[in-house]
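**Q** my questions are about this predicted structure, shown below with the sequence.
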Amino acid sequence: MAGIDLSRVPRALFIDGEWDDVPDLPRFAVVNPATDELLLEIPDAGPEEARRAVAAATAAQEAFAALPARDRSNMLLRAHELLLDAKPELAAIMTAEMGKPLAEALGEIDYSASYLLWYAQEGVRVQGAHSQAPSGRGQILLSREPVGVSLLITPWNFPLAMGARKIAPAIATGCAVVVKPAEKTPLTMLYLARIFEQAGLPAGALNVVTTTRSSEVVAPMLEEGLVRHLSFTGSTAVGSLLHGQCSKHMIRTSLELGGNAPFIVFEDVDLERAVAEVSAAKLRNMGEACTAANRVIVHESIAADFSERLAEKFAALSVGDGAAEGTDVGPMIDRVSCERIQGLVDDAVAKGARILTGGELPDGPGSFYPPTVLADVPRDARMLAEEIFGPVAPVIPFVDEADALAVANDTEYGLAGYLLTNDLGRAMRVSRRMEVGMVGLNSGIISDAAAPLGGVKASGLGREGGVLGIDEFLEYKYTFIPNE
């Protein structure tokens, strides 16, 4: 833990503007996945704490929504400043609990801050509409109001960015929230809650409940109708379960779920550019991203050369503790994840794939998996149907455009997709036919606070970020005003 200052991380729940360590509650351990070292032990909340948090948000909702939009905007601007000021300290904490290299943690803070800035600006531009009724009987007034108390469930892979992307539009629109961070990475969210507290957010507007008993904590809030909006980022299986629970009380759902992103590489591209863009799409966050390239679909005329070059690049990467200087690829979130990835690699090899680099789970402490390139991956390999969520790039040769699209769309998921080509007509044609919510055209990085992020099919409902992201926290109200 040398060089990591955990003294400013609260070891408590944040409910109704107060830090409550709840002495009677059990604690759970937060562990560094690079070293297996204990970082902190924090309260393991149960249903009663969840109900208290929702009650606090409910009590705060009316007054928070009534605040001038400019006041809430100023809170976001202040939080934006405080977050950037905290970069060195918070990046070290994020790297310690999640594993990503320090450079990526610093980048995530910048990315997260961009959401606070974006929604500070968008929140003062929420508009309705006014028109005359065609019948001539009166006027139609369309206004927009906050949806109400929102439950935000964030994942472990981007513990700051996913929180900021949800909390910022909630604050901008005047929705009080309860946040349940992932049990693997709660420290970053607790730190962020302290920043919002310092930014002047009123008591009850933001509540954070840490727990390992997710179903016990979330179920009462949904089944008893205690919230009006659920925003969840995580697996499709859990998202589907939550969606069903929300149906009882018609709770609005915003779901960013699993992905199986195809990356199509056509034969007309520069191979060095292709290797760089595929590496960016595959290795961001060690591959632990729903938008990560899961299947690399390469034209058969260049597949062998491309695979060799990609393997050469992967083999040169440094794997280690994200806090160590020069680390390119940090650990997976835990050993179970490593073993799952190894199972996918073993299955592909057994069916005929060739390992060009990596592919073997190392012994020793920490949860590391080497950057791996597999050539000639057969189309019945499990990793083409399942989300790898790790630094493994399976290369699948294709024959022509129709074949590439058939492989790309052969999945229940539809979050992100990528393609590389110098043919403008082909670029537009293929991107239009890819069954995804987001397309990276000649780029392996697509995330941007100004862009609406989300998917189709089993990858979720709704959008986060951009001008559309604020809609998830707003309802429309129509008022008829008679002429007489």
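**A** Cool, the structure landed. Worth saying up front: this structure is predicted, and the values here are computed from it rather than measured.
**Q** use CA for all of it now, contacts and neighbours both
**A** Noted.
**Q** which residues does residue 294 contact?
**A** 260-263, 282, 383-384, 387-389, 393-394 (CA atoms under 8 Å, 6 or more residues apart in numbering).
**Q** if we go to 10 Å?
**A** Shown in contact with residue 294 (CA atoms under 10 Å, 6 or more residues apart in numbering): 259-263, 281-282, 287, 383-395, 416-417.
**Q** those residues in helices, which ones?
**A** 281-282 (DSSP state H).
**Q** without its sequence neighbours, what residue ends up closest to residue 120?
**A** With sequence-adjacent residues excluded and distances taken as CA to CA, 6 or more residues apart in numbering, residue 120 is closest to residue 73, at 4.3 Å.
**Q** quick check: that neighbour vs residue 168, distance?
**A** Going from residue 73 to residue 168 by CA to CA, to the nearest Å gives 9 Å.
**Q** common neighbours of the two, please.
**A** Shared contacts of residue 73 and residue 168, defined by CA under 10 Å, 6+ apart, comprise 79, 116-120, 123.
**Q** which stretches of the stretch 351-484 of the chain form helices?
**A** With helices called from DSSP state H, counting those that start in this stretch, the stretch 351-484 of the chain shows them at 401-408, 424-433, 466-469.
**Q** report the buried residues of the longest one.
**A** Going by neighbour count (16 or more other CA atoms under 10 Å), the buried part of helix 424-433 is 427, 430-431.
**Q** now render these as a markdown table, adding pLDDT and distance to residue 103.
**A** As requested, those are exported to a markdown table (pLDDT from 0 to 100; distance: CA to CA, whole Å):
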| residue | pLDDT | distance to residue 103 |
| --- | --- | --- |
| 427 | 98 | 32 |
| 430 | 98 | 34 |
| 431 | 98 | 31 |
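**Q** closest one to residue 4 among the helices of the stretch 351-484 of the chain?
**A** Residue 4 lies closest to helix 466-469 among the helices of the stretch 351-484 of the chain, at 33.9 Å (CA to CA).
**Q** what does that closest one contact?
**A** Contacts of helix 466-469 (CA under 10 Å, 6+ apart): 115, 118-119, 122-123, 126, 165-166, 168-170, 254, 448-454, 462-463.
**Q** tell me the contacts of the most centrally placed residue in the chain?
**A** Centroid-nearest residue in the chain: residue 162, 4.7 Å away (criterion: CA atoms, centre = their mean). The neighbours of residue 162, taking CA under 10 Å, 6+ apart as the test, are 108, 112, 115, 152-156, 181, 189, 232-233, 464.
**Q** out of the residues you listed, who's nearest residue 31?
**A** residue 156 (12.5 Å).
**Q** what's the burial count for the closest one?
**A** Neighbour count for residue 156, taken as other CA atoms under 10 Å: 20.
**Q** same question for residue 441.
**A** Residue 441 has 20 nearby residues by other CA under 10 Å.
**Q** how about residue 268?
**A** Close neighbours of residue 268, defined as other CA under 10 Å, add up to 12.
**Q** doesn't residue 420 make contact with it?
**A** Yes. The pair residue 268 / residue 420 is scored as a contact, 8.5 Å apart, by CA atoms under 10 Å.
**Q** pull the CA atoms of stretch 256-276 into PDB?
**A** What follows is stretch 256-276, C-alpha atoms only, in PDB (Å, rounded to 0.1, in the frame of the first residue of the first chain):
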ATOM      1  CA  GLU A 256     -26.500  -0.800 -20.300                       C
ATOM      2  CA  LEU A 257     -25.800  -4.500 -20.500                       C
ATOM      3  CA  GLY A 258     -23.400  -7.000 -22.000                       C
ATOM      4  CA  GLY A 259     -21.600  -6.700 -25.300                       C
ATOM      5  CA  ASN A 260     -20.000  -8.900 -27.900                       C
ATOM      6  CA  ALA A 261     -18.400  -6.300 -30.100                       C
ATOM      7  CA  PRO A 262     -17.300  -7.300 -33.600                       C
ATOM      8  CA  PHE A 263     -14.300  -5.500 -35.200                       C
ATOM      9  CA  ILE A 264     -14.300  -6.000 -38.900                       C
ATOM     10  CA  VAL A 265     -11.000  -5.300 -40.700                       C
ATOM     11  CA  PHE A 266     -11.300  -5.100 -44.500                       C
ATOM     12  CA  GLU A 267      -8.500  -5.800 -46.900                       C
ATOM     13  CA  ASP A 268      -8.000  -2.200 -48.100                       C
ATOM     14  CA  VAL A 269      -6.600  -0.900 -44.800                       C
ATOM     15  CA  ASP A 270      -3.100  -0.200 -43.600                       C
ATOM     16  CA  LEU A 271      -2.100  -3.100 -41.400                       C
ATOM     17  CA  GLU A 272      -0.200  -1.000 -38.800                       C
ATOM     18  CA  ARG A 273      -3.200   1.300 -38.400                       C
ATOM     19  CA  ALA A 274      -5.400  -1.800 -38.100                       C
ATOM     20  CA  VAL A 275      -3.200  -3.300 -35.400                       C
ATOM     21  CA  ALA A 276      -3.200   0.000 -33.500                       C
END
